[in-house]
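> This is the structure alone, sequence omitted:
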């Protein structure tokens with residue numbers, strides 16, 4: 001599990017390989033990732049935007065950017081958290097994701113960004 005704390009927002013990430021959605025012989029490796037976002041500040045914040053850079057080892061990278069996450073723009077009060085699960089298809093057995101979330105402080109109407117901890121996705125047989 002990867003974790004990062006910034007501006008009293010804690011972001012934790014865990015990943016797992018999805019053999020049932022992968023086609024290893026054709027270099028399609030599917031991974032799920034679970035994100036936990038915890039607000040430890042005293043103010044309400046709203047996640048408004050995401051930006052991901054997906055690195056496909058030797059095959060370049062791709063970018064995913066858009067409003068909120070999984071169709072939501074969650075609002076987190078003091079000590080509240082939000083979990084979601086999403087997925088990523090890699091073009092080879094090893095990759096990495098990194099990026100940031102943009103939040104809106106509900107009380108001050110100020111936007112700020114929080115870096116998402118970089119995390120690896122590795123086809124399990126490569127770990128042996």
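Cool, got the structure. Just so you know, these numbers come straight off a predicted model, no measurement behind them.
> Give me the distance from the helix or strand harbouring residue 37 to the chain's centre.
Taking DSSP states H and E as the definition, one finds residue 37 inside strand 29-39. In terms of CA atoms, centre = their mean, to the nearest Å, the centre of strand 29-39 is set 5 Å apart from its chain centre.
> before we move on, what about stretch 113-125?
8 Å.
> Please point out which parts of it sit buried.
Neighbour counts using 16 or more other CB atoms under 10 Å place 114, 116, 117, 119, 121, 122, 123 of stretch 113-125 among the buried residues. Bear in mind the C-beta positions are built from the backbone N, C-alpha and C, glycine included.
> Now distance to residue 47 and secondary structure too, for those residues, in JSON lines please.
Compiled in JSON lines, the buried residues of stretch 113-125 are given as follows (distance: CB to CB, whole Å; DSSP: H, G, I helix; E, B strand; the rest coil):
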{"residue": "114", "distance to residue 47": "9", "secondary structure": "strand"}
{"residue": "116", "distance to residue 47": "11", "secondary structure": "strand"}
{"residue": "117", "distance to residue 47": "16", "secondary structure": "strand"}
{"residue": "119", "distance to residue 47": "18", "secondary structure": "strand"}
{"residue": "121", "distance to residue 47": "22", "secondary structure": "strand"}
{"residue": "122", "distance to residue 47": "28", "secondary structure": "strand"}
{"residue": "123", "distance to residue 47": "30", "secondary structure": "coil"}
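> between those residues, which is nearest residue 98?
residue 116 (6.4 Å; CB to CB).
> Kindly state the pLDDT recorded for the closest one?
With respect to pLDDT, residue 116 scores 95.
> what about the closest residue to it other than its chain neighbours, neighbour count?
What sits nearest to residue 116 in space, not counting adjacent residues and going by CB to CB, 6 or more residues apart in numbering, is residue 99, at 4.8 Å. Neighbour count of residue 99, defined by other CB atoms under 10 Å: 17.
> which residues sit in contact with residue 99?
Counting by CB atoms under 8 Å, 6 or more residues apart in numbering, residue 99 makes contact with 50, 51, 52, 53, 115, 116.
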